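In: sequence below, structure please.
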Amino acid sequence: MQQIKQIPEGYMADAQGRLVPVEMVKDIDRIRDDLVKKMVDKAREVKALLQVFKTAAFEEIEQFIALSASDYDTELGGNKGNVTLMSFDGRFRVSRAVAEYFVFDERLQVAKELIDQCLNEWTALSGPELKALVNDAFQVDRMGNVNAKRILSLRKFNINDARWTKAMAAINDSLTVAGSREYVRIYERVQDSDRWEQIPLDVAGV
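Out: Residues are numbered from 1 along each chain as shown. Presented below is the predicted three-dimensional model:
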């Protein structure tokens, strides 16, 4: 945890860490500083509440699943899966979703080389759409990570070429499940329709 630098009484620290006497700081700058820090404190309180809610929600869902299973003299174990719980009146539902995330090892580069060989040879035959799709699939984000979903979507193409087949095998072999993330989402039915509206738990969605 980053240690907070102690500021002597009567001083404020600027963005470079320099101590500035309070009387030398403009009123508007002090008011802005107070506003920002109050908002940060409130945001931390909300974050803490959401963390408590999330932990409690997962625990209560798991306890209910165990209770339901006990009606059949069964105990559930192993991986936690997706589950949706509905209120008796059908107005509300709570969904627990488990999303796995993947990483690729060095064999993904082998797959890319094989695919490039195919595309270079098929220049006259393959349209720009396929090339654009392949190039987009291998694009990396700002953190240098590829999008697993786009990479795996290449497997849907039924291309009769030994290099392409090897490339798809390399993609499969390079794929590793790195972990999973759990989400809880709460929905309310829109009046008497079949549409559901998620109750937002983030600031942007409120």
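
In: what packs against the lengthiest helix in the chain?
Out: When the chain is scanned for its longest helix (criterion: DSSP state H), the result is helix 27-70. In terms of contacts (3 or more Cβ pairs under 8 Å, 6 or more residues apart in numbering; DSSP states H and E), helix 27-70 is packed against strand 83-86, strand 92-104, strand 175-189. Every residue, glycine included, has its C-beta placed from N, CA and C.

In: indicate which one of those is closest to Ser70.
Out: Ranking the helices and strands packed on helix 27-70 by proximity to Ser70 (Cβ to Cβ) places strand 83-86 first, at 15.8 Å.

In: next one: the closest one to chain centre, how far?
Out: Centroid displacement of strand 83-86 relative to its chain, using Cα atoms, centre = their mean, to the nearest Å, is 21 Å.

In: starting from it, tell me which strands it pairs with and how they run.
Out: Strand pairing for strand 83-86, determined by DSSP bridges: strand 92-104 (antiparallel).

In: now do the next helix or strand after the partner strand: everything it contacts.
Out: Where DSSP states H and E defines the elements, the next helix or strand beyond strand 92-104 is helix 107-121. Helix 107-121 is contacted from outside by 126, 130-131, 134, 138, 146, 151, 154, 159, 161, 163-164, 166-168, 170-171, 173-174, using Cβ atoms under 8 Å, 6 or more residues apart in numbering.

In: hang on, the earlier thing: can I get the helices and strands packed on helix 27-70 in a markdown table including mean neighbour count?
Out: Conversion of the helices and strands packed on helix 27-70 to a markdown table gives the following (neighbours: other Cβ atoms under 10 Å):
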| stretch | mean neighbour count |
| --- | --- |
| strand 83-86 | 14 |
| strand 92-104 | 15 |
| strand 175-189 | 13 |
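
In: for the worst-scoring helix or strand of the chain on mean pLDDT, packing partners?
Out: Here the helix or strand of the chain ranked lowest by mean pLDDT, DSSP states H and E is helix 128-137, holding a mean of 73. Applying 3+ Cβ pairs under 8 Å, 6+ apart, one finds that helix 128-137 contacts helix 107-121, helix 148-153.

In: sorry, back to before: quick one: buried ones out of the contacts of helix 107-121?
Out: 130-131, 134, 138, 146, 151, 154, 163-164, 167-168, 170-171, 174 (16 or more other Cβ atoms under 10 Å).

In: min pLDDT across those, which one?
Out: Lowest pLDDT within these is found at Leu130 (69).

In: Ile159 versus the most far-flung residue of the chain relative to its centre, what's the distance?
Out: Distance to the chain centre peaks in the chain at Glu23, reaching 45.5 Å (criterion: Cα atoms, centre = their mean). The spacing between Glu23 and Ile159, counted by Cβ to Cβ, to the nearest Å, is 74 Å.
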